[in-house]
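Visitor: Any chance you could fold what I've pasted below:
(chains A and B)
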Amino acid sequence: MAQLTQTENRDALVKQLEEEARQLRIEDIKMLVKAGSGHPGGTLSAAEMIAALYLHKLRLRPEEPEWPDRDRFILSKGHCVPIVYAALARVGTIPREWLDTLRKFGSPLQGHPDRQRCPGIEANTGSLGQGLSIAVGLATASHHDQSPWRVYCMMGDGEMQSGHIWEAAMLAGRRTLPNLVGILDNNQVQQSLKVKEILDIDPVAQKFRDFNWHVREINGHDVGECLDALDEAETVTDRPTMIVSHTVKGKGVSWMELNPDWHGKAPSEEEGEIAIAELEGRIDAEESKRRFEALGKGGK
Amino acid sequence: MGGKATRESFGEALVRAGSDERVWALDGDLMKSTFTHLFREAHPDRFVECGIAEKNMIGVAAGLALAGKVPFAASFACFIANRLEVIRMSVGYSNVNARLVGTHAGIGIGDDGASQMGLEDIAAMRALPNMAVLQPADDRETQQTVAYLVEHEGPAYLRLTRQKLDDVNDDSYRFEFGRAVQLRDGNDVCLIGTGATVQEALRAADELEKEGVSARVLNVHTIKPIDADAIVAAAADCKRIVTVEDHNVAGGLGSAVAEVVAQSNGARVTILGVRDYGQSGSPDELYEAYGISARHVAQAARSLIERER
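Guide: From the prediction side, this is the model:
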């Protein structure tokens, strides 16, 4: 399908993107169940922003993934690539059937992004902390050439603990790259525990301000706020923009939310059915939790 | 040691390469040591100062390469190689046309001592499947290698010296990627060097010649992909091979040669290289103390020959 353009009725656009985000989450859960492994928490937290980018904001020609003037999206938190695959399938860059092959031998959909295997993937990531540097390099080239394309880089809050991020943040601020937009999917949880418990990164917004970034903090599950922040970034002409997107890890599946156990474990088939029922609105959070807990008691 | 340091030749060649608008240079606050300051003067808009942050420098180079540029990111060999994880992911696995340039290779840097001596970089880079590894032996070869690297497809590592090196090639020299240069013909033993040790191999061949030993000398400027044909031919013709490198004995030139010989009809191979972290001293003193001087090369050749008499 084509991307959604800004209609006269912005509320309608927001509504459409909310629905797209919901569908991406459902697709994501289905993929992980089939794959039998993967990272639900950080994929679910990013759904609204990924929908806002791929279905609306990014300058793309979905059927021409190598179009030189396309915007570049770098997923620094590479383990969350399934939600990007779902978006690439939705816009038609990759066939929908590929989603069933996630993490399987020979699949273009590797467990982490592989630009040589999958069209629409811009850089290989998955070793946390590296994506922002690549984005800075791309933005430096585009800025120098006065090219129209912009660079977006989504990071996780856990990887803010890597010094590599701050090397890149310092250089981007120093070079005042106006075509670079960082998105921090601040979902509060990393692999083992909450970010605050492992190594607190706050005040993270202030840290980026200190490095000469324009910073906008949003509720990352509010599509309208995502769109506003992405629009605002285009008006900033003298520095890069960091959108600190406050989100909930596992968002949308009540028993996954803010639970580190769902960082890197795929739901079973039964768990997936419950998750999808909740995402589709067929059951509420209470019922979803009840069914999930009953599964455990059933002694599977 | 006369001649010119290959890092200086690199700096000059990079300025000329910069007439191609795709070429960029990246620095981690060592521009006067790596000679990228020359590029900065000539092409300031395509020079990126990254500060003392080599992980980021390498990642930014990867990003520039993804945008169609040909970035040369230079620092000391030890500081480049020790960002292996970024090189593996953002350069190697991503298969981008970034060029990583490690100057101040080996114990040949001398006085600065062990902390600045890159002695494991070849081994690290060789282990990345698509990484080309090049180490030119003199000014002329370096200039041509840099010009070649603008067009090379895929990631590449270029290893350069702090110290000055003799000219080992003449005016007619033409660099060919992946092809070793036979500097002397001979059939009693083959001496194989790379970079700074090519001149040691040549001096050893001179010594051996006086004793009636006919030594072939190969300059392996492309360590990966290595010229298997030249090595198999040396094994067949000479039956004895001495490799010498200013790098750890594990995983460098000697290992690369031995891997080829092991799949041939065979030859005896002696690998000369560094087995420790190095220390301060003059390059000549250190080459002597760590067993990679011409005298050691000649002695290793004699030992191989005597073993069979």
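
Visitor: low-scoring stretches of chain B, by residue?
Guide: Applying pLDDT under 70 to chain B flags residues B:1-2, B:309.

Visitor: Residue numbers of it in contact with chain A?
Guide: Chain B has residues B:45-46, B:48, B:50-51, B:53, B:55-56, B:58-69, B:71, B:85-86, B:88-90, B:93-95 near chain A, with proximity defined as CB under 8 Å from any CB of the partner chain. (C-beta placed from N, C-alpha, C; glycine too.)

Visitor: Output the contacting helices and strands for the longest strand seen in chain B.
Guide: Criterion DSSP state E: the longest strand present in chain B is strand B:240-248. Counting contacts by 3 or more CB pairs under 8 Å, 6 or more residues apart in numbering or on different chains; DSSP states H and E, strand B:240-248 packs against helix B:121-126, strand B:189-193, helix B:197-210, helix B:228-238, helix B:253-262, strand B:268-274, helix B:294-307.

Visitor: got the CA positions of that strand in PDB?
Guide: As requested, the backbone C-alpha atoms of strand B:240-248 are provided in PDB (Å, rounded to 0.1, in the frame of the first residue of the first chain):
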ATOM      1  CA  ARG B 240      61.900 -23.700   2.400                       C
ATOM      2  CA  ILE B 241      60.100 -20.500   3.400                       C
ATOM      3  CA  VAL B 242      60.900 -17.900   6.000                       C
ATOM      4  CA  THR B 243      58.200 -15.300   6.800                       C
ATOM      5  CA  VAL B 244      59.000 -12.100   8.700                       C
ATOM      6  CA  GLU B 245      56.600  -9.600  10.000                       C
ATOM      7  CA  ASP B 246      56.400  -6.700  12.500                       C
ATOM      8  CA  HIS B 247      53.300  -8.200  14.100                       C
ATOM      9  CA  ASN B 248      52.500 -11.000  16.500                       C
END
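
Visitor: quick check: angle from it to strand B:189-193?
Guide: Comparing the axes of strand B:240-248 and strand B:189-193 via axes from the mean of the first three to the mean of the last three CA atoms, to 10 degrees yields an angle of 20 degrees.

Visitor: How far away from the center of its chain is strand B:240-248?
Guide: Offset of strand B:240-248 from its chain centre (CA atoms, centre = their mean, to the nearest Å): 12 Å.

Visitor: residue of the stretch 51-200 of chain A with the smallest distance to chain B?
Guide: A:Gly137 (1.9 Å; CB to the nearest CB).

Visitor: In space, what's closest to that residue - neighbours in sequence excluded?
Guide: In space, A:Gly137 comes closest to B:Gly63 once its chain neighbours are excluded; the distance is 1.9 Å by CB to CB, 6 or more residues apart in numbering or on different chains.

Visitor: list the helices and strands the strand or helix carrying that neighbour packs on?
Guide: Using DSSP states H and E, B:Gly63 sits in helix B:54-66. Packed against helix B:54-66 by the contact rule (3+ CB pairs under 8 Å, 6+ apart) you find helix A:131-144, helix A:163-174, strand B:23-27, strand B:47-49, strand B:70-76, helix B:77-81, helix B:84-86, strand B:99-103.

Visitor: Put together TSV for these, with mean neighbour count on each row.
Guide: Below are these laid out as TSV (neighbours: other CB atoms under 10 Å in any protein chain shown):
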stretch	mean neighbour count
helix A:131-144	29
helix A:163-174	22
strand B:23-27	27
strand B:47-49	19
strand B:70-76	29
helix B:77-81	25
helix B:84-86	18
strand B:99-103	28
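
Visitor: Now distance to A:Gly78 too, for those, in TSV please.
Guide: Listed next are these as TSV, based on distance: least, CB to CB, whole Å:
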stretch	distance to A:Gly78
helix A:131-144	7
helix A:163-174	14
strand B:23-27	23
strand B:47-49	24
strand B:70-76	22
helix B:77-81	23
helix B:84-86	14
strand B:99-103	22
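
Visitor: What's the separation between the most centrally placed residue in chain A and A:Pro65?
Guide: For chain A, the residue nearest the mean C-alpha position is A:Ala46 (3.9 Å; CA atoms, centre = their mean). Using CB to CB, to the nearest Å, A:Ala46 is found at 20 Å from A:Pro65.

Visitor: now B:Glu288
Guide: From B:Glu288 to A:Pro65 the distance is 57 Å (CB to CB).
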